[in-house]
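Visitor: Sequence first, then the predicted structure, then my questions.
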Amino acid sequence: MTEVMTDTAARAPTERQGHSGMLSSFVGRYWLAVTLFLMIAVFAWLRPQILDPANIVTILRTSALMAIMVLGLTWLIAAGKIDVSFMHVAALGNMTAAWLLAGGSGWTIAALAGIAVGAVAGLVNGFLVAVLRLPPLIVTIATGGICASAAAALGKGTSVRIADPGILGELLYVSWGPIPLIAIVVAVVYALSWYAQEKLTFGHYIFATAQSEAAVNEAGISSRRLLLFLFVFSGLCSAIAGVLLAANLSSGQPMIGNSYFIDGLTAVLLGGMMIRVGKPNVIGTTTAILLLSVLVSGSAMLGWADYQRQIIKGLLLLLGVAVAMRASRSPSAHATGA
Amino acid sequence: MPDRLTLPAGFGRFVAFLILVAVVAGAFALIEPRFLSSQNLSAVTRHMATNGLAALGLTLVVIVRKFDLSFAGTACFAAMTIGFLIANGYDLWVCILVGLAAGAAIGAINGIAISVFGLPDIVTTIATGSIAGGLAFLYSKGRTIFQNFMQSGIIDLNDARILGYSVSFFFLIAIYAVAWFLMHRTRYGASFQATGENPVSAYFSGVPTKLYTFLAFVICGMTSVLAVVLILAESGTADTNEGANLLMPAYAGVFLGAALLGGTSVLATLAGTFLITMLLDGFSLIGVPYYYSDGVVSAILLAGVVLFDQRVRMLFHDLSTFLLPASEPREKRP
Amino acid sequence: MTGPALRATAVSKRFGAVNALKDVDFVLEPGEVHALLGVNGAGKSTFIKIISGVYTRDAGTLEVDGKAVDCRTPHDAMMAGIATVQQHPELVSDFTGYENIFLGREADRPRFLARIDRTALKRRGDALLARFPVDIDLSRKLSEMPAVEREIVAILQALAGDHIRVLILDEPTSTLTEVEKAVLFRLMRTLKASGISILYITHRLEEVIEIADRFSVFRGGRKVATMTPAAAAEQGLSLAELMLGETLSSVFPEKAAFPPGETVLSVERLGHGRAFSQVGFEVKRGEILGIFGLVGSGIDELSKVLFGALPPTEGTLSLKGRPLRARTPREALKAGIFLVPGDRRLEGLALTQSSVFNITIGNLGRASGFAGILRRALNRRKSEEFAARVALSPPNLSMPVSGFSGGNQQKIVVAKGLFADADLYIFVEPTVGVDIGARAKLYGLMRDLSRTAAVIVMSSDCDEVHGLADRSFALYKGRPIMRAGEIMTRNQLLLAGILGEARDA
């Protein structure tokens, strides 16, 4: 439909309907990216040091860790479920690794154990929601609470210092110019995820499940298995991010989850405003994460307080939901109006 | 009528609940005799007042089949509002009324967004809760407010006793009595229940369903403020994080109560809150560190939801018929 | 390949004590369009569900192309070459036609990590279209397609499986316009030409004459006839009579004995969008007005406009001589209108609540006094009184209403109406899922109500409307078909509702 409009607009400039339609469709699909660039431009104008390579490295590293944490969450929400335990799973993965390191284990064991804990948490969530069909919000509130407690218990209520951040810690600080290694790794992972989401049956079935689980099951696809996998995957992603955070911060922080809760959900839901309007997707999530990181970095340079950013993020989330509702409603409104 | 002679529905569950309470209390008393001391019972009742008030509004929201994740943030904002007003020397009742109004306002925003504009409840309330939590920092840039608390009289709310128990507990009982009366003895309660049970049939029965969904969120905002007033009274200071600990016990109280007594209701929430508070208090008394409390509450919530869920019991039933294929499962007519 | 495409022999099915299907022999020839007719509960749906593997038969055999098959799941049926398109097919509205047709078949079997070759999907879809030519743009999203194209996508999805021999269509035309129906029928003829047999459920008799080679009539769980439309015409047999058999006049109460009183509702040139238009009638205290209309005829929308749940787009309503402008059911109830909705479980009852709760919820003003406090004793007494009046069984007012049978649930809705104390009662499909005994009681109750109020009955059951109402007319595709004084014989009413004709039969 867009292609047809490009043709007519090129050949017949009088058809302004087509032109403005294309423009509004472009704005609808990419306004988040446009906002990101505008925001970078404004901050760079006010505080040029935001574009210092060292600062860019920081922004990209923070974004990369966040992106790992919410990759699974993006697909879970895209499939019509919710997981509010992700940040506590990350905290538990973080503390498990730190606790083992403090107890004398090597990094390999510590990292694998941290990740395994995440998989178990995801499996529990997935079993309760996909197999027993319990409400995902209540289930993940509860499993999230258990993970948060377990994380705190491992450190007896306080953080655990890590003497040697190990090879992971070193790798996290490898960068070429303004580009850290971890950002490249995450970019590759996200590119692969984009491929899985757009070109493989996997992503196809995720979006189909969100709309009609019945249609998916009737087509011979097990939505139960898909959802179970997505919960396990979400747990894995969160735990990996938690382990990397342990290396990054040289410590295990039991309360680290709290700061990621709103940011993670905001990133996924704002990202859902882009490209596939009304549906969370990996490219949108990436853009939204960058937006949030730039906002944090830039506003810190402007001397804004943490709570002011929190209010802005909350407003962004509210705005994102409202726009998503409008966007997902309008096609059906067109269909009935036609 | 013959049905008047039978016991009321859910009586068996109520007896089971009492036995459970007796067992838990007995176990704690064995491990730590101080559990039954009047001092501890007084503390249990005081904490129960806080948890119970926060859970009450959530109960109404859950009855109309929605979720509210914002009330903890709302409570933080209201706590700082009240603290700010106290520090500036306003009368206590003015401070509390303004705090309640703030809670009602945020509840109203939730209610309008969800019932009128049809936004999804979970994400909307996460967002408004976050905004409210951020707004809590406005008054003092995040610093703890304590000025004038001693003189304002708010501390007395915590210390006042009737028959050896905190006034707040009697307030809780009174407000639950009112809520129970409202829900089960008035047309308004009937309208809340009809809205949650089947919105379409309620609408066709002349119940203004959107209004009642809206009201549930407003009341939820206000009861969380009442809960945080008790926290302020106990701590004697206002902190930006004051309401954050309300979320878990409230959810656990509502859903554990619903699981135990077979449905969401005011009394079920009271029962759930009682059990949760007793467990939390007992664990802290026998020296379990504070950071286990969320985990304990969560684990109990999860166990309650899983064990008492209709579908899970159906699953066990199916499993047993599968293992003992004596009777062929009957097909259902659509 | 010479035998019948499908042969069923002595198929039976019981649900508890009910014989849903008894000794049905059935033959479907290759390339035949075969219509299944019958009133609700006649057994045609059960038969379809047995063939398509949703139910398991208790007795009898099934053969496809001469080979015995045992369809225990829908997948078994599919493998045997039987595909079904449900009345409301499950499709993904955000996906294109191609994507929907091949959902789960993007690769050789459903798996999660197969590449989706969208050009291959298009090629396969176009190949399917080449086999069964139909004018449709499959690259559009389902949400952008009109109803008939969604139906076509569902049919193509069913046919995308290999070697489909039998296609079952469950009331595919109920939501389609005339023009759209022609498109669907063209596709059906194409399929038929390619050797696929179609088994087709419908309530619209004119379609049978138009498209079916043969038809079978089900009644009371048995197949009572199979013949061609031409043979039926030769023998002078009316399809409607075959469907209905004897009319059950005994279940209906006496007609109004007194002349009706004041006019309660009067409607002029009422319309709602495309659903119905130019509807005008009056209904008086003391009488029952019947409106007969099939699914999709507009009776559902008409009932909702009268009850304030949908706004009228044209025309006027007046209640007891004053203009009625109810924008919500709440306002309609206050004005004195009560609706007994067609889907009582979805629209009429709070299932986990008690009868007292359900009876009083429609008129909380009456149920409560000072400060909104419920008058419990009065409500209990009134509920007992009304429960006795509707003969609720068992007369247990405390148990959740989900525990009652369909007929008794409907009685509770009637008791709710009694408590609402309305001047006008509107019944929509009042006896769907109600057994014959409870049905007679409900009809009696409706007559009882009409002594003090006006009653409108809207139903897709012609006999119900004709047997019950003092005056009646039909709604056909949103258009009222009536005669002077709204007096019609049963056959006139039937023809008016099914064919839209006001001629004598």
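Guide: Here it is on my side, so go on. Residues are numbered from 1 along each chain as shown, chains lettered A, B, ... in the order given.

Visitor: For residue 219, give me its contacts.
Guide: As the question left the chain open, I've gone with chain A. Going by CB atoms under 8 Å, 6 or more residues apart in numbering or on different chains, residue A:219 touches C:103-105, C:110. Where C-beta positions appear, they are placed from N, C-alpha and C, glycine not excepted.

Visitor: could you do chain B instead?
Guide: Residue B:219 touches B:56-57, B:60, B:107, counting by CB under 8 Å, 6+ apart.

Visitor: Out of those, which is nearest to chain A?
Guide: Checking the contacts of residue B:219 against chain A by CB to the nearest CB gives residue B:107 as the nearest, at 15.1 Å.

Visitor: List phi and psi for the closest one.
Guide: Here is the backbone geometry of residue B:107 (degrees, to the nearest 10): phi -60, psi -40.

Visitor: for the residue nearest to residue B:158 when sequence neighbours are not counted, what are its contacts?
Guide: Among residues not flanking residue B:158 along the chain, residue B:233 sits closest, at 3.9 Å (CB to CB, 6 or more residues apart in numbering or on different chains). With contact set as CB under 8 Å, 6+ apart, residue B:233 has these partners: B:154-158, B:168.

Visitor: what kind of secondary structure is the spatially most central residue of chain C in?
Guide: The residue lying closest to the centre of chain C (CA atoms, centre = their mean) is residue C:295, at 5.2 Å. Per DSSP: H, G, I helix; E, B strand; the rest coil, the secondary structure class of residue C:295 is coil.

Visitor: And for the residue lying closest to it once chain neighbours are set aside, the neighbour number?
Guide: Excluding the flanking residues, the one nearest residue C:295 by CB to CB, 6+ apart is residue C:174, at 4.8 Å. Using other CB atoms under 10 Å in any protein chain shown, residue C:174 has 17 other residues around it.

Visitor: repeat for residue A:170
Guide: 12.

Visitor: now do residue C:262
Guide: Neighbour count for residue C:262, taken as other CB under 10 Å: 11.

Visitor: how close does it sit to chain B?
Guide: 24 Å (CB to the nearest CB, to the nearest Å).

Visitor: near chain B, which residues of the stretch 51-200 of chain A?
Guide: A:82, A:84, A:128, A:132-134, A:137-139, A:141-146, A:148-150, A:152-153, A:156-157 (CB under 8 Å from any CB of the partner chain).

Visitor: Weed out the non-buried ones from those residues.
Guide: A:82, A:84, A:128, A:134, A:137-139, A:141-146, A:148-150, A:152-153 (16 or more other CB atoms under 10 Å in any protein chain shown).

Visitor: least trustworthy position among the contacts of residue A:219, going by pLDDT?
Guide: In terms of pLDDT, the lowest of these is residue C:110, showing 70.

Visitor: name the element that residue belongs to?
Guide: Using DSSP states H and E, residue C:110 sits in no helix or strand.

Visitor: since we're on the closest residue to residue C:397 other than its chain neighbours, how many residues are nearby?
Guide: Once flanking residues are discounted, residue C:397 sits nearest to residue C:355: 4.5 Å by CB to CB, 6+ apart. Neighbours of residue C:355 under the rule other CB under 10 Å: 28.

Visitor: ditto for residue A:301
Guide: 15.

Visitor: can I assume it is in contact with residue A:44?
Guide: No - counting by CB atoms under 8 Å, residue A:301 stays clear of residue A:44, with 10.4 Å between them.

Visitor: remind me which residues of the stretch 51-200 of chain C are low pLDDT?
Guide: C:175 (pLDDT under 70).

Visitor: Enumerate the residues of it near chain A.
Guide: Residues of the stretch 51-200 of chain C lying near chain A (CB under 8 Å from any CB): C:74-75, C:90-95, C:99-100, C:103-107, C:110-116, C:141, C:143-146.

Visitor: Out of those, which end up buried?
Guide: For those, buried by 16+ other CB under 10 Å: C:74, C:90-95, C:99-100, C:103-107, C:110, C:112, C:114, C:116, C:141, C:143-145.

Visitor: Residue C:225 belongs to a strand?
Guide: Yes - Residue C:225 sits within a strand when classified using three-state DSSP.

Visitor: Could you find the closest non-adjacent residue to whichever residue of the stretch 1-150 of chain A sits closest to chain B?
Guide: Of all residues in the stretch 1-150 of chain A, residue A:149 sits closest to chain B, at 2.5 Å by CB to the nearest CB. Spatial nearest neighbour of residue A:149, chain neighbours left out: residue B:295 (2.5 Å); criterion: CB to CB, 6+ apart.

Visitor: does that neighbour really touch residue A:150, like I thought?
Guide: Yes - using CB under 8 Å, residue B:295 is in contact with residue A:150, at 6.2 Å.

Visitor: Quickly find the element holding the residue nearest to residue B:158.
Guide: Counting by DSSP H and E, residue B:233 is found in helix B:209-235.

Visitor: Would you mind listing the buried residues in that helix?
Guide: B:209-210, B:212-235.

Visitor: ok, now stretch C:49-65?
Guide: C:49-55, C:57, C:60, C:62-65.

Visitor: which residues are common contacts for residue A:301 and residue A:44?
Guide: Going by CB under 8 Å, 6+ apart, residues that sit against residue A:301 and also against residue A:44 are residue A:50.

Visitor: where's the residue in the stretch 201-334 of chain B positioned nearest to chain A relative to residue B:301, distance?
Guide: The stretch 201-334 of chain B approaches chain A most closely through residue B:295 (2.5 Å), counting by CB to the nearest CB. Note on residue B:295: its distance to residue B:301, by CB to CB, to the nearest Å, is 11 Å.

Visitor: neighbour-wise, which of these two wins?
Guide: For residue B:295 versus residue B:301, neighbours defined as other CB under 10 Å are more numerous around residue B:301 (28 against 21).

Visitor: Against chain C, how distant is that one?
Guide: 22 Å.

Visitor: list residues touching both of residue B:295 and residue B:301?
Guide: Common contacts of residue B:295 and residue B:301 (CB under 8 Å, 6+ apart): residue A:145.

Visitor: Three-state assignment for residue A:183, please.
Guide: Classified using three-state DSSP, residue A:183 is helix.

Visitor: how many other residues sit next to it?
Guide: 21.

Visitor: cool, the one 10 residues further on as well?
Guide: Around residue A:193 there are 23 other residues, counting by other CB under 10 Å.

Visitor: Quick one: residues contacting the residue positioned nearest the centre of chain B.
Guide: Among the residues of chain B, the one closest to the centroid is residue B:55, at 0.8 Å (CA atoms, centre = their mean). Residues near residue B:55 by CB under 8 Å, 6+ apart: B:249-250, B:253-254, B:269, B:272-273.

Visitor: Among those, which lie within helices?
Guide: B:249-250, B:253-254, B:269, B:272-273 (DSSP state H).

Visitor: State the pair within the residues you listed that is farthest apart.
Guide: B:249 and B:269 (11.0 Å; CB to CB).

Visitor: and whichever residue of the stretch 101-250 of chain C sits closest to chain B, bridged to which residues?
Guide: At 12.7 Å from chain B, residue C:170 is the closest residue in the stretch 101-250 of chain C, using CB to the nearest CB. For residue C:170, the beta-bridge partners under DSSP bridges are residue C:201.

Visitor: Residue C:283 now?
Guide: Beta-bridge partners, per DSSP bridges, of residue C:283: residue C:265.

Visitor: in terms of contact, does it touch residue C:256 like I think?
Guide: No - between residue C:283 and residue C:256 there is no contact under CB under 8 Å: 11.9 Å.

Visitor: With neighbour numbers in mind, choose between these two.
Guide: residue C:283 (25 against 17).

Visitor: residues touching the more buried one, list them.
Guide: Under the contact definition (CB under 8 Å, 6+ apart), the residues listed for residue C:283 are C:263-266, C:289, C:424, C:454-456.

Visitor: just those now: which is nearest residue B:182?
Guide: Of the contacts of residue C:283, the one sitting nearest to residue B:182 (CB to CB) turns out to be residue C:424, at 33.0 Å.

Visitor: How far does stretch A:210-222 stretch from one end to the other?
Guide: With CA to CA, to the nearest Å applied, stretch A:210-222 spans 13 Å between its terminal residues.
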